[in-house]
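Enquirer: How does the following fold in three dimensions:
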Amino acid sequence: MNSTIRELVILDILARLAVITTANDYAIGMGAHVIRARKSIDPSELPAVVLWPGTETAVPTYRESVCTMVVRVEGIAVFGSTNPSVMAEKILGDLKKCLLAQDDRSGSPWTGWNRSPDYIDSIVYTAGGTDEYPDEGNLTVGAAVTFNVQYTTKSDDPTAQ
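Expert: Residues are numbered from 1 along each chain as shown. Below is the predicted model of the structure:
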């Protein structure tokens, strides 16, 4: 069986997260370790970014389903001598910058997200930040973002658009 459009969307997002490197003008090099839906992260994998595909809703239209999947992305890094709140804000900024970049094909230098084929109809930022800061003795901090990712499939075939 071919991959579903949902799976292809997830793979697109995973590939996009890999661009979060300092060489690509991001604050934290989390793209070196892109992880899919895994709770246990080895300290040797830090900094890292974890993708959590969530539930989807669908609105049926004529021969299509317009699907919206909730996606959570967490960034984790060692904060060292940096204030954990400052590091969490850098992580948050990098995650938003990465996934909200627009594909600019208007003739100016391209700095956005080029997906081909493009299965994603839209990505909407819905929440982000950190709920907890590290306790004394902890060495890592994280931040997370939540997006609604919209894509379309044929009503009778989740592998086709």
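
Enquirer: rest of the way, CA atoms for contacts and neighbours
Expert: Will do.

Enquirer: show me what contacts the residue nearest the centre of the chain?
Expert: In the chain, the residue lying closest to the centroid (C-alpha atoms, centre = their mean) is residue 73, at 4.8 Å. Applying C-alpha atoms under 8 Å, 6 or more residues apart in numbering, we find residue 73 in contact with 49, 50, 51, 52, 95, 144, 145, 146.

Enquirer: next one: residue 17
Expert: By C-alpha under 8 Å, 6+ apart, residue 17 lies in contact with 31, 34, 49, 98, 99.

Enquirer: out of these, which are inside strands?
Expert: 34, 49 (DSSP state E).

Enquirer: just to revisit the earlier point, just the buried residues out of the contacts of residue 73, in ChimeraX syntax.
Expert: With 16 or more other C-alpha atoms under 10 Å as the criterion, this ChimeraX line picks the buried residues out of those:
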select :49,50,51,52,95,144,145,146
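
Enquirer: what's the closest of the contacts of residue 73 to residue 39?
Expert: Closest approach to residue 39 among the contacts of residue 73 (C-alpha to C-alpha): residue 50, at 8.6 Å.

Enquirer: any idea how far residue 161 is from residue 152?
Expert: Note on residue 152: its distance to residue 161, by C-alpha to C-alpha, to the nearest Å, is 6 Å.

Enquirer: Next: residue 141.
Expert: Per C-alpha to C-alpha, residue 141 is found 39 Å from residue 161.

Enquirer: which neighbours do residue 152 and residue 161 share?
Expert: With contacts taken as C-alpha under 8 Å, 6+ apart, residue 152 and residue 161 have 5, 64 as neighbours in common.

Enquirer: Please say which of those two ends up with more neighbours.
Expert: When neighbours are counted by other C-alpha atoms under 10 Å, residue 152 comes out ahead of the other of residue 152 and residue 161, with 22 against 16.

Enquirer: give me phi/psi at that one?
Expert: Dihedral angles of residue 152 (phi, psi; degrees, to the nearest 10) stand at phi -120, psi 140.
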